[in-house]
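[1] sequence plus predicted model, see below.
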Amino acid sequence: MAKAKTQYVCQQCGKTAAKSLGRCPQCGAWNSMVAETVVPRKHSKARAGLPYGSRPKRLAEIEGDVEERIPLPIGEFSRVLGGGVVPGSLVLIGGDPGIGKSTLILQAAMAMASAGPVLYISGEESQRQIKARALRLANGKDLPDELFLLTETDLDQIIAHIQELGPRLAVIDSIQAVHITEIESGAGSIVQVRESASRLQALAKSSAISIFLIGHVTKEGAIAGPRVLEHIVDTVLYLEGDAFHTYRLLRSAKNRFGATTEIGVFEMQPSGMVEVANPSEAFLAERVVNSPGSAIAVIIEGTRPLLVEVQGLTSNTSFGHPRRTANGIDFNRLLLIIAVLSRRVGLRLADQDVFVNIVGGLRVSEPAADLAAAVAIASSLKNQPLPTDMAFIGEVGLSGELRAVSRLSTRLREAVKLGFSRVIVPKSGRLDGGNVDNLKVLRAGTIKEAIRRAV
């Protein structure tokens, strides 16, 4: 029998060391090195009769359509996955506690169970709790006959049940709750999470069973466990939102079978997660017209154009150093925009507290929203409302110039759908899809020119 050895593993980044350390040398976390016992595996020599998939095959001889997917009746979820569930894929879904991960995945399991068996495995809730949630989501309808529930945390037992039932989809809630008996460390540790995900990946690829893993997140919002966990799975999804907002965004951070940074928008209601068919209209529903500091940006999330309201507010500072607060956009990006407005446009912001907010709880990382944020700040400072039928597209450079963004025609068509008749765009922007009817495109070379046209 192989001799067991003890090593110390950082619970934040997975760094291993032969002795205990107060601070992890890789990520710098304090008191994160935990002792774990590891039993080396025996390596057997290759022999005849290898399982399917272990022999090299000619690419042309491989069966199966590369576009073959299992339909998912939830349209927004299907969009984020790339058009449906790929057989044999391993999908990881993370999000803050109480954000609605289990609710959304149970809805997906119930929807897919109408066409074949689905196994929902819970290591944190009882079967009664899951059924109570399923009855609420069914909203008076009959529960699907092909949805099976299992409460188990032993991974060997879980794999045996999956192989015996042979479902189209298996859901494990959560990956931090399952454990492997031969590994002495507790459930949720670095070694347990990594080894469990690796075995489930091997099961998914060998049996063509799609597996969804629900994962906990750290206080920074990243998936808890080793970073290698995100490399093992095929798709990484994050369910984002604010507990004080009804909207939830399902965002794709990694997808081997579709576009990354794709988003799906849901609204949390008593009956579960409800799809938002037109997110742009939802985000602008409570917009106050003729209010200073409100600008509309046209952004691209994955393959979808969205119109979002960017609010800016300036106020005389009461302290020695003015405050800069960003909600929904990158803080450093806000500092860049304020510096450009001060130096290139001549706005006096040194004695002003500046606040920028993206309405609806959306987080915008695309530079195309720079112009809307800058115009919103200028509008608030001058106390002059912006035209209600005008939207803004453009990235702001350090010299005060407006830089072109991608897919300009797609953005303009989305603006027309929502009733906007004027859009300020960078002078260098190209209409890759041709002109857009019923829309006046105003071009500006600098941010100063854009503010002069808008405010």
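    Arrived safely, thanks for sending.
[2] you'd agree Ala349 is up against Thr314?
    Wrong residue type there; residue 349 is Leu, not Ala. Yes - counting by C-beta atoms under 8 Å, Leu349 sits close enough to Thr314 to count as a contact (7.0 Å). Glycine gets a C-beta too; all of them are placed from N, C-alpha and C.
[3] show me the helices in the stretch 351-455 of the chain, by range?
    When secondary structure is read from DSSP state H, counting those that start in this stretch, the stretch 351-455 of the chain shows helices at 370-382, 408-417, 447-454.
[4] mind giving me the packing neighbours of the longest one?
    If I follow you right, that is helix 370-382. The elements that helix 370-382 packs onto, with contact taken as 3 or more C-beta pairs under 8 Å, 6 or more residues apart in numbering; DSSP states H and E, are strand 294-301, strand 304-316, helix 331-340, strand 352-358, strand 390-392, strand 395-396, helix 447-454.
[5] what helices or strands is the shortest one leaning on?
    Of the remaining helices and strands, those touching strand 395-396 by 3+ C-beta pairs under 8 Å, 6+ apart are helix 331-340, helix 370-382, strand 402-403.
[6] the same query, at a cut-off of 7 Å, please.
    Of the remaining helices and strands, those touching strand 395-396 by 3 or more C-beta pairs under 7 Å, 6 or more residues apart in numbering; DSSP states H and E are helix 370-382, strand 402-403.
[7] now it, how far from the centre of its chain.
    Averaging C-alpha coordinates over strand 395-396 and over its chain gives two centres that are 24 Å apart (C-alpha atoms, centre = their mean, to the nearest Å).
[8] circling back to that earlier point, same list (the helices and strands packed on helix 370-382) but as TSV, adding mean pLDDT, mean neighbour count and distance to Cys27.
    Conversion of these to TSV gives the following (pLDDT from 0 to 100; neighbours: other C-beta atoms under 10 Å; distance: least, C-beta to C-beta, whole Å):
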stretch	mean pLDDT	mean neighbour count	distance to Cys27
strand 294-301	94	25	30
strand 304-316	95	21	34
helix 331-340	96	17	22
strand 352-358	96	21	30
strand 390-392	96	25	39
strand 395-396	96	21	32
helix 447-454	95	20	39
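[9] so which of the ones you listed is nearest Ala378?
    helix 447-454 (4.9 Å; C-beta to C-beta).
[10] for that closest one, packing partners?
    The helices and strands touching helix 447-454, judged by 3+ C-beta pairs under 7 Å, 6+ apart, are helix 370-382, strand 422-426, strand 440-444.
[11] please repeat the previous calculation with a cut-off of 10 Å.
    Packed against helix 447-454 by the contact rule (3 or more C-beta pairs under 10 Å, 6 or more residues apart in numbering; DSSP states H and E) you find helix 331-340, helix 370-382, strand 390-392, strand 402-403, strand 422-426, strand 440-444.
[12] picking up where we left off before, could I get the helices and strands packed on helix 370-382 as TSV with distance to Arg287?
    Output for these, formatted as TSV (distance: least, C-beta to C-beta, whole Å):
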stretch	distance to Arg287
strand 294-301	7
strand 304-316	5
helix 331-340	21
strand 352-358	13
strand 390-392	12
strand 395-396	23
helix 447-454	16
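[13] so which of those gets nearest Leu169?
    Per C-beta to C-beta, nearest to Leu169 of the helices and strands packed on helix 370-382: strand 304-316, 25.1 Å.
[14] the following helix or strand past the closest one - contacts with which helices or strands?
    As assigned by DSSP states H and E, the chain's next helix or strand after strand 304-316 is strand 324-327. Packed against strand 324-327, as judged by 3+ C-beta pairs under 10 Å, 6+ apart, are the following elements: helix 331-340, strand 352-358.
[15] direction included, what does strand 324-327 pair against?
    Strand pairing for strand 324-327, determined by DSSP bridges: strand 352-358 (parallel).
[16] how far out from the middle of the chain is the partner strand?
    Averaging C-alpha positions (C-alpha atoms, centre = their mean) puts strand 352-358 25 Å from its chain's average.
[17] mind checking which of the helices and strands packed on strand 324-327 is nearest Phe420?
    strand 352-358 (18.0 Å).
[18] next, the angle strand 304-316 makes with the closest one.
    160 degrees (axes from the mean of the first three to the mean of the last three C-alpha atoms, to 10 degrees).
[19] with just CA atoms, put strand 352-358 into CSV.
    Written as CSV, here are the backbone C-alpha positions of strand 352-358 (Å, rounded to 0.1, in the frame of the first residue of the first chain):
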residue,chain,number,x,y,z
GLN,A,352,-16.8,68.1,-6.6
ASP,A,353,-17.8,64.7,-5.3
VAL,A,354,-18.6,62.5,-8.3
PHE,A,355,-20.9,59.5,-8.3
VAL,A,356,-21.7,57.3,-11.3
ASN,A,357,-24.3,54.5,-11.2
ILE,A,358,-25.5,51.9,-13.7
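[20] not counting sequence-adjacent ones, nearest residue to Tyr272?
    Rather than Tyr, residue 272 is Gly. Taking C-beta to C-beta, 6 or more residues apart in numbering, and ignoring the residues beside it in sequence, Gly272 has Leu137 as its nearest neighbour in space, at 4.4 Å.
[21] wait, that neighbour sits on Ile74?
    No - Leu137 is beyond contact range of Ile74, at 11.6 Å (criterion: C-beta atoms under 10 Å).
[22] common neighbours of the two, please.
    Counting by C-beta atoms under 10 Å, 6 or more residues apart in numbering, the shared contacts of Leu137 and Ile74 are 104, 107, 110-111, 273.
[23] in ChimeraX, how would I select just the buried ones from those residues?
    To isolate in ChimeraX the members of the shared contacts of Leu137 and Ile74 that are buried, counting by 16 or more other C-beta atoms under 10 Å, one can use:
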select :104,107,110,111,273
